[in-house]
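S.K.: Just the structure for this:
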Amino acid sequence: MPRSAALLPLLAIAFTVAGGREPAFQSRWRTSPDRDWAGPEYWANRLQDWRVRDGRLQCIGRGPLRTLHLLTHRLGRRYADFRLSVRLGWMQELDIDPGGRNAGFLIGSGPGLDYRAAALIHHTVGPRAGIYAGIDGDGRPFMRDLENPLRVSTAQEALGAFDSVTLMLSGRAQGDAYFLEVGARRDGSADSVGVGWMLSDTLRALVRPGSIGLVCNPTDRTPGGVWFRDWTGDGLRLDPYPSRTAGPVIGSQHTLSRGTLKLTAQLMPVAPGDARQVELQVREGFSWTTVARAPIVLPGYTATFELDDWDDTRDIDYQLAYTLNAADGSSTTHFSRGTVGRDPVDEREIVVAAFTGNHNVAHPGIDRAGQFDWRTDVWFPHADIVDHARDHDPDLLFFSGDQVYETASPTAADRERPFLDYLYKWYLWHWAFRELTAEIPTVTIPDDHDVYQGNLWGAGGVATPEGLAGTAAQDAGGYRMSPEFVNMVQRTQTSHLPDPYDPRPVARGIDVYYTDLLYGGLSFAVLEDRKWKSPPGPLLPEARIQNGWPRDPEFDPKIEADVPAAALLGDRQLEFLEEWATDWSGGAWMKVVLSQTLLANVATLPEGATSDAVIPSLAILEPGEYAESDRPAADFDSNGWPQSGRDAALRAMRKAFAVHIAGDGHLASTIQYGIDEWGDAGYAMCVPSIANFWPRRWYPPADAAVRRDPGALPYAGDFEDGFGNKITVHAVANPQRFGIEPERLHDRAPGYGIVRFGRESREISFAAWPRWADPAAGDGPYDGWPVTFAQPANYGAEPIGYLPRLEISGMTDPVVQVIDEASNAIVYTLRIEGTSYAPQVFREGRHTVRVGELGGRRVRTITGLQPAPGPGSVRPVNF
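M.R.: Numbering: from 1, shown residues only. Now for the predicted structure:
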């Protein structure tokens, strides 16, 4: 136990010295306009718990240990002196008895952690939480070790009730001992009290290097009710990090398609008196030139730029300039920099890095645990994934959804203040990935958790029925949150995408974002596979759906679940896919579908399990073990249902020979879809979660495989999923005991996906990478990957014959379109490689072939072609 030290003489010296020294840092709330944000030097936990009003920082949140971390200075390793000082008081306007609450300083928080991870420490005590030195409502200073609740010292005397005090915390080295002292002086008086620790020998390690911050510790029943002003610090133990800021622009995303740049700047909650627009500036030689200005849109604090004449032939450095105004008339302009790279239209290989499921901390979250191990259970800011993904030199990033988890990541959902609660969690995503998104085009789409639902059957934008809550409301279909909230989420995540194919909003004014993107010769279709999806509960009352699972044991999803009239993508997106499949303009040579979820249910559960609620309790197996009793699952949240809607989507995608990249499943997998037969449609990949709580698995019974290649792993082969959909499973990354710490993170098989597209070979390679694997050191992906296949395999149906071989002159790599003359339906459209191609067909009868650059003047049309059993006759096509 630390020994108490005599303090009154020391405090008198400390207060005197602090008054005559230029501080290393000094807060500026006194001249700040009213904001719901403390400023760029700070990180607040939570965002909605702190605000600036009337020149003071106010803590207004409920819950223990509300913290505000200083980012630009930390307690260093050397045992030198430091001093912190702040004025604080109780917010009289709240009319709350200060008894039971306290406030003060947090020091030495998160030693050894990334500074951003340390900045999350709040609410819960535990290893590496730091030391809390403060004053209680009776005016009594105290020091508490948040790692050891029994290690606490309280001043023998108290100031009594006060309106405001100056609180001082100082540390000083003397020989082998380190003195840590906290004291308070009533403002306008010489009265002071304090308490301190004398730490000798090994106890000196209690004052660890780490984050410093302010603490407001209200009771459970009342909000914070504490204000702070004039926070200063100095001393040789304070290490400066001036570049470590969070805002006012916390991050940006951009896309570049067909010469149009769209870029969205994400701002912190700036004040009405701050600048109302953001400037986009580009580097020209040694200077910066403003090329566009964009207004800030509320709610959400975004500013979106659209430049139609962007020079996409060269790399262009940019910066986002934004000015914060002070109440005294001064202002400061801040800059956030990045690069818009050239469109890689001539690269031999295009690389896409794909991500999903962004949990930031271990279950059950920061605010639901009695104690939290800050050493191992903070997974944010995912620096390992950021670094390792960068090693693959990706050309484009794809985040498929659940960038935000409304519960437990890091805190429970605040449904009383959902807008700021969402932004608090969304800002964490930007803070983690902004180094990548500032320089690499990014497609980001929200999923169910982003809009604060566990499952989402959007039903065209309607509201969940009144009178229902929780999973019952979700099962009935629609959105639980307001249209204003949903649109804010979509705007923050997708406003940088190319304009929607059809911008008409759905019910209640909820916007749409489905669109196409052309980059590097890859044509992407970006889909919304939740917004129009029908809810299963009202359509299948006999199944007794609960949270997406049929509870009637006699209900057979393979036979009884399909509802042909049920929507999956909806008519508007199917129409879009049909048109997109025919559009190979701009030199497109490969088609890729990006959406939230696979069009299959690649998951198993133990026999007898009626839902996936058992997943957290299932044992994670050792390498080589197999869950023999598992059976394919039928989760209506998956896009294995509705089966008819799933098949319609696959038929449209197949016409473009498209591959599918998705996430959401918490189980990395590579499969080939089947509609009528196994393998007759495209390949797809569900990428690993960045981090997850819900480790799904695929352990089909040995006798469930219709076909399995010799020597294949037990989980691989031709299967039916729980809805009877045909899937060929090539690779999965089941959770297992990998032997990598922390096990709570890595045993659930986290990571990311890397997809490589070869321009000349027309080959696609899927790979699921563990987040711990270092590509630069020669590490490899999960077992079973990479899975490599050729573009034509995405229309894997068995042909009944071939049309005459096309021998083309005067044009290289033309587009070929095949039309069935009996139905006038397009069979498929494809940009071939080279000048020779024998079109395969799947029905007898006459066909039309169109060759060239469709939509332009250089097109040749040949009608009346009949298939033969093999490529035989030749048809010249001259340009």
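S.K.: Pretty sure residue 682 sits against residue 651.
M.R.: No. Between residue 682 and residue 651 there is no contact under Cβ atoms under 8 Å: 10.4 Å. (Each C-beta comes from the backbone N, C-alpha and C, glycine too.)
S.K.: how does this protein divide into domains?
M.R.: By the record's domain assignment, the chain is partitioned as 3-240, 249-340, 349-794, 801-878 (automatic domain parsing).
S.K.: Same list, the ones you listed, but as JSON lines with mean neighbour count please.
M.R.: Formatted as JSON lines, the entries for the domains of the chain read as follows, by neighbours: other Cβ atoms under 10 Å:
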{"stretch": "domain 3-240", "mean neighbour count": "20"}
{"stretch": "domain 249-340", "mean neighbour count": "18"}
{"stretch": "domain 349-794", "mean neighbour count": "20"}
{"stretch": "domain 801-878", "mean neighbour count": "16"}
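S.K.: With mean pLDDT as new columns, can those be given to me in TSV?
M.R.: Converted to TSV, the domains of the chain look like this (pLDDT from 0 to 100):
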stretch	mean pLDDT
domain 3-240	88
domain 249-340	98
domain 349-794	97
domain 801-878	96
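S.K.: tell me the helices in the stretch 351-500 of the chain, going along the chain?
M.R.: For the stretch 351-500 of the chain, the helices identified by DSSP state H, counting those that start in this stretch occupy 383-391, 418-437, 470-476, 483-494, in order along the chain.
S.K.: want to try TSV for those helices, with distance to residue 847 as columns?
M.R.: As requested, the helices of the stretch 351-500 of the chain are exported to TSV (distance: least, Cβ to Cβ, whole Å):
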stretch	distance to residue 847
helix 383-391	44
helix 418-437	45
helix 470-476	46
helix 483-494	39
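S.K.: Of those helices, which is nearest residue 572?
M.R.: Minimum separation from residue 572 across the helices of the stretch 351-500 of the chain (Cβ to Cβ) falls at helix 483-494, 16.0 Å.
S.K.: elements contacting that closest one?
M.R.: Taking 3 or more Cβ pairs under 8 Å, 6 or more residues apart in numbering; DSSP states H and E as contact, the helices and strands that helix 483-494 lies on are helix 418-437.
S.K.: Return the angle between stretch directions for the helix it packs on and helix 383-391.
M.R.: If you take axes from the mean of the first three to the mean of the last three Cα atoms, to 10 degrees, helix 418-437 sits at 40 degrees to helix 383-391.
S.K.: among the helices of the stretch 351-500 of the chain, which is nearest residue 290?
M.R.: helix 418-437 (21.8 Å).
S.K.: how about that closest one as PDB, C-alpha atoms only?
M.R.: Output for helix 418-437, consisting of C-alpha atoms alone and laid out as PDB, is shown next (Å, rounded to 0.1, in the frame of the first residue of the first chain):
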ATOM      1  CA  PRO A 418     -29.000   7.800 -30.900                       C
ATOM      2  CA  PHE A 419     -27.600  10.400 -33.300                       C
ATOM      3  CA  LEU A 420     -24.500  11.300 -31.200                       C
ATOM      4  CA  ASP A 421     -24.200   7.700 -30.000                       C
ATOM      5  CA  TYR A 422     -23.900   6.500 -33.600                       C
ATOM      6  CA  LEU A 423     -21.400   9.200 -34.400                       C
ATOM      7  CA  TYR A 424     -19.300   8.200 -31.400                       C
ATOM      8  CA  LYS A 425     -19.000   4.700 -32.800                       C
ATOM      9  CA  TRP A 426     -18.700   5.800 -36.400                       C
ATOM     10  CA  TYR A 427     -15.900   8.100 -35.500                       C
ATOM     11  CA  LEU A 428     -14.000   5.100 -34.100                       C
ATOM     12  CA  TRP A 429     -14.200   3.400 -37.500                       C
ATOM     13  CA  HIS A 430     -12.800   6.500 -39.200                       C
ATOM     14  CA  TRP A 431     -10.100   6.900 -36.600                       C
ATOM     15  CA  ALA A 432      -9.000   3.300 -37.200                       C
ATOM     16  CA  PHE A 433      -9.100   3.200 -41.000                       C
ATOM     17  CA  ARG A 434      -8.600   6.800 -42.100                       C
ATOM     18  CA  GLU A 435      -5.000   6.300 -43.100                       C
ATOM     19  CA  LEU A 436      -6.200   3.800 -45.700                       C
ATOM     20  CA  THR A 437      -9.400   5.600 -46.800                       C
END
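S.K.: and the angle for it with helix 483-494?
M.R.: Note on geometry: by the same axes, to 10 degrees, helix 418-437 and helix 483-494 are set 10 degrees apart in direction.
S.K.: let's have the chain start at 21 instead
M.R.: Right, with 21 as the first residue, what we last looked at is helix 438-457.
S.K.: My guess is residue 405 contacts residue 373. True?
M.R.: No. With contacts defined as Cβ under 8 Å, residue 405 does not count as touching residue 373, sitting 9.4 Å away.
S.K.: Now do the shared contacts for the two.
M.R.: Each of residue 772 lies in contact with both residue 405 and residue 373 under the rule Cβ atoms under 8 Å, 6 or more residues apart in numbering.
S.K.: quick revisit: between the helices of the stretch 371-520 of the chain, which one is closest to residue 208.
M.R.: The closest approach between residue 208 and any of the helices of the stretch 371-520 of the chain, judged by Cβ to Cβ, belongs to helix 438-457 at 35.4 Å.
S.K.: Okay, the residue positioned nearest the centre of the chain and residue 449: tell me how far apart.
M.R.: Most central residue of the chain, judged by C-alpha distance to the mean C-alpha position with Cα atoms, centre = their mean, is residue 423 at 2.3 Å. In this structure, residue 423 and residue 449 are separated by 5 Å, where distance is defined by Cβ to Cβ, to the nearest Å.
S.K.: any idea what sits nearest residue 846, other than its immediate chain neighbours?
M.R.: Counting by Cβ to Cβ, 6 or more residues apart in numbering, residue 846 lies nearest to residue 839, which is 5.5 Å off, once chain neighbours are set aside.
S.K.: nope, residue 259 is what I was after
M.R.: residue 96 (3.9 Å).
S.K.: got a list of what the one you found touches?
M.R.: By Cβ under 8 Å, 6+ apart, the contact set of residue 96 is 229, 256-259.
S.K.: Taking these, tell me the two that lie furthest apart.
M.R.: For the contacts of residue 96, and using Cβ to Cβ, no pair is farther apart than 229 and 256, which are 12.9 Å apart.
S.K.: My read is that residue 631 contacts residue 570, right?
M.R.: No. The pair residue 631 / residue 570 is not scored as a contact, 9.0 Å apart, by Cβ under 8 Å.
S.K.: Could I get the full set of helices for the stretch 71-220 of the chain?
M.R.: If you assign secondary structure with DSSP H, counting those that start in this stretch, the helices in the stretch 71-220 of the chain sit at 135-138.
S.K.: So which residues of it form strands?
M.R.: Assigned strands in the stretch 71-220 of the chain, in chain order: 76-79, 86-95, 102-110, 122-129, 151-156, 161-165, 172-174, 184-194, 197-206, 212-220 (criterion: DSSP state E, counting those that start in this stretch).
S.K.: Tell me the strands beside the second one, with direction?
M.R.: Here strand 86-95 is paired, per DSSP bridges, with strand 62-65 (antiparallel), strand 230-237 (antiparallel), strand 258-260 (antiparallel).
S.K.: Out of these, which gets nearest to residue 618?
M.R.: strand 62-65 (35.5 Å).
S.K.: what's the residue lying closest to residue 211 once chain neighbours are set aside in contact with, if anything?
M.R.: Nearest-residue entry for residue 211: residue 179, 6.0 Å, with adjacent residues in sequence omitted and distances by Cβ to Cβ, 6+ apart. Contacts here follow Cβ under 8 Å, 6+ apart; on that basis residue 179 touches 155, 158-160, 185, 204, 206, 211-213.
S.K.: out of those, which one sits closest to residue 593?
M.R.: residue 155 (58.9 Å).
S.K.: how close does the closest one sit to residue 788?
M.R.: Here the criterion is Cβ to Cβ. By it, residue 155 lies 52 Å from residue 788.
S.K.: so can I have CSV of the contacts of residue 179 showing distance to residue 66?
M.R.: Rendered in CSV, the data for these read as follows (distance: Cβ to Cβ, whole Å):
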residue, distance to residue 66
155, 23
158, 27
159, 28
160, 28
185, 26
204, 27
206, 31
211, 35
212, 33
213, 32
